[in-house]
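Student: Sharing a model that was predicted from the sequence below.
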Amino acid sequence: MAINISAAKKVSKQKAKNSEGSIFDFLNKDIKLFSKVLNDKKKEAFYNELSILLSAGVDIKTTLELISEEQVKEKDKKLYDDIKNLIVKGNTLSEAIKITNEFTLYEFYSIQIGEESGKITEVLSELGVYFQKKIKQRRQIIGALTYPSIVLCTSIGAIFFMMNFVVPMFADVFKRFGGDLPFITALILRISKAMSKYFYLIFIFIGGIAFFVSTNRKKVWFRALSSKIILKIPFVGEMIRKIYLARLCHSMTLLISAKIPILRAITLVRQMIGFYPIETSLEEIEARIMKGATLHESLKAYPIYHKRMISLIKVGEEVNQLENFFQKISKQYNDEVEHQTTLISSMIEPFMIIFLGLVVGIILIAMYLPLFQLSSTF
């Protein structure tokens, strides 16, 4: 059964208009084009259980019944029952998951090709591994940023409290004594007064930024701009770049291992990668390959891809082992991301503590300096 890639492109472009998101969502939102029920964790469990039970010789109907019985939420149970009922009516597994509209085109075509090639259990297992790695990466990043975020919020809270409650009390004392205040003390008092008078504007400003991001995050210009900005952030930008390149390579490994032509594989990966610079480059790379260029030659035109990655892909093309090289590149990127998240966490924590200590120390020195000067005059 032939796969209509042109139709897939139409569907993906139409749904992309309704589903494109900002890179700001990558920490707390699963990368899925139009899923309503299943998150990454549920998909990982679904594909792993399907793979294990089918490999053990259990038929698809019984497998889905067993998975459905395990579900706690009614909507999850209904979804798996719907898939089972569609299969009983004569649909394939790939057709059933497409009809439910709860899975990406990438997953649909991967499973469809697995069915056609007789490698359905291998494809399901690889999909489970893909979502497992994605979840692990997100947890690593969240774990690395949790403590610094708590310290930062505590620092802001402490500074806000001191500037709005402690500093004004000192200001009343200084008024009684009169005289000229040291520059740093006068500056802190002016900042405190401004914060007390206009603090509500800070919340309005933050709310305005959140509203602006929420309303524009799906627009192409915003996705392009936000991606460009984030990639320039020291350490973080490079880590995000490697995360998406690792996902790209893992997806290519899965598709090429299922004997999918390179053009079709690029089309499917482009539909699910969720990162604007890679999405746009893959579309142009696809056109270059159709004109006769090799994959590694096409990748050279885009700075998002590392030279090392391009060199390895070139070797993979020359020895006709792209699958193995994509797998090795994916593993390298995953290992580097794990190392960088640990490094960023260990670097941010002391800097946040030093920042809090400096700010609080400056405020206290500014408040006590006039008192020291006053005591020295007596």
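Tutor: Good, I have the coordinates.
Student: going forward, measure contacts and count neighbours with C-alpha atoms only.
Tutor: Noted.
Student: How about the contacts made by I363?
Tutor: Shown here is I363, whose contacts under the criterion Cα atoms under 8 Å, 6 or more residues apart in numbering are I188.
Student: for it, helix, strand, or coil?
Tutor: Classification of I363 using DSSP: H, G, I helix; E, B strand; the rest coil returns helix.
Student: same thing with K259?
Tutor: Under the three-state scheme (three-state DSSP), K259 adopts coil.
Student: and what of I354?
Tutor: helix.
Student: what about it, neighbour count?
Tutor: Neighbouring residues of I354 were enumerated by other Cα atoms under 10 Å; the total is 11.
Student: Show the model's pLDDT score for D59.
Tutor: The confidence metric pLDDT takes the value 90 at D59.
Student: now do the one 5 residues further on
Tutor: In this prediction, L64 carries a pLDDT score of 91.
Student: now it: how far from V319?
Tutor: When Cα to Cα, to the nearest Å is the yardstick, L64 and V319 sit 41 Å from each other.
Student: Which one of these two is surrounded by more residues?
Tutor: With other Cα under 10 Å as the criterion, L64 and V319 differ in neighbour count, and L64 comes out ahead with 24 against 9.
Student: That one reaches L79, doesn't it?
Tutor: No - counting by Cα atoms under 8 Å, L64 sits too far from L79 to count as a contact (10.1 Å).
Student: anything in contact with each of these two?
Tutor: Between them, L64 and L79 share no contacting residue under Cα under 8 Å, 6+ apart.
Student: and the next element down the chain from the lowest-mean-pLDDT helix or strand in the chain?
Tutor: Of all regular secondary-structure elements in the chain, judged by mean pLDDT, DSSP states H and E, the least confident is helix 5-19 with a mean of 39. Note on helix 5-19: by DSSP states H and E, the next helix or strand toward the C-terminus is helix 40-55.
Student: And that following helix, how far out from the chain middle?
Tutor: In terms of Cα atoms, centre = their mean, to the nearest Å, the centre of helix 40-55 is set 22 Å apart from its chain centre.
Student: packing partners for that helix?
Tutor: Judged by 3 or more Cα pairs under 8 Å, 6 or more residues apart in numbering; DSSP states H and E, helix 40-55 is in contact with helix 60-70, helix 120-161.
Student: buried stuff in the first one?
Tutor: By neighbour count on 16 or more other Cα atoms under 10 Å, the buried set for helix 60-70 is I60, T63, L64, I67, S68.
Student: what's the closest of those to I87?
Tutor: I60 (8.3 Å; Cα to Cα).
Student: circling back: for the helices and strands packed on helix 40-55, give me TSV that also has distance to L50.
Tutor: Formatted as TSV, the entries for the helices and strands packed on helix 40-55 read as follows, by distance: least, Cα to Cα, whole Å:
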stretch	distance to L50
helix 60-70	7
helix 120-161	7
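Student: mean pLDDT lowest for which of the ones you listed?
Tutor: Ranked by mean pLDDT, these end with helix 120-161 in last place, scoring a mean of 82.
Student: what's next to the helix or strand hosting Y244, contact-wise?
Tutor: Element membership for Y244, per DSSP H and E: helix 236-257. Contacts of helix 236-257 with the rest of the structure, by Cα under 8 Å, 6+ apart, involve 110, 123, 126-127, 130, 134, 137, 230-232, 262, 265-266, 269, 273, 275, 304-305, 322-324, 326-327, 329-331, 333-334, 336-337, 340-341.
Student: can you check stretch 131-147 too?
Tutor: For stretch 131-147, contacts defined as Cα under 8 Å, 6+ apart pick out 27-28, 40-41, 43-44, 243, 247, 334, 337-338, 341-342, 344-345, 349.
Student: Quickly check those for the two that are furthest apart.
Tutor: Pairwise distances among these were taken by Cα to Cα; the largest, 33.9 Å, belongs to K43 and E349.
Student: could you measure G316 against E70, distance?
Tutor: The spacing between G316 and E70, counted by Cα to Cα, is 43 Å.
Student: And F103, its phi and psi?
Tutor: Here the main-chain torsion angles of F103 (degrees, to the nearest 10) amount to phi -130, psi 150.
Student: Ok, A301 next?
Tutor: Torsion angles at A301 (phi, psi; degrees, to the nearest 10) stand at phi -80, psi -10.
Student: Next one, pLDDT for it please.
Tutor: The predicted local confidence for A301 is 91.
Student: What is the burial count for it?
Tutor: 12.
Student: The one helix or strand I184 maps to vs helix 120-161, what angle?
Tutor: Mapping I184 onto the secondary structure by DSSP H and E places it in helix 183-216. Calculated by axes from the mean of the first three to the mean of the last three Cα atoms, to 10 degrees, helix 183-216 forms an angle of 150 degrees with helix 120-161.
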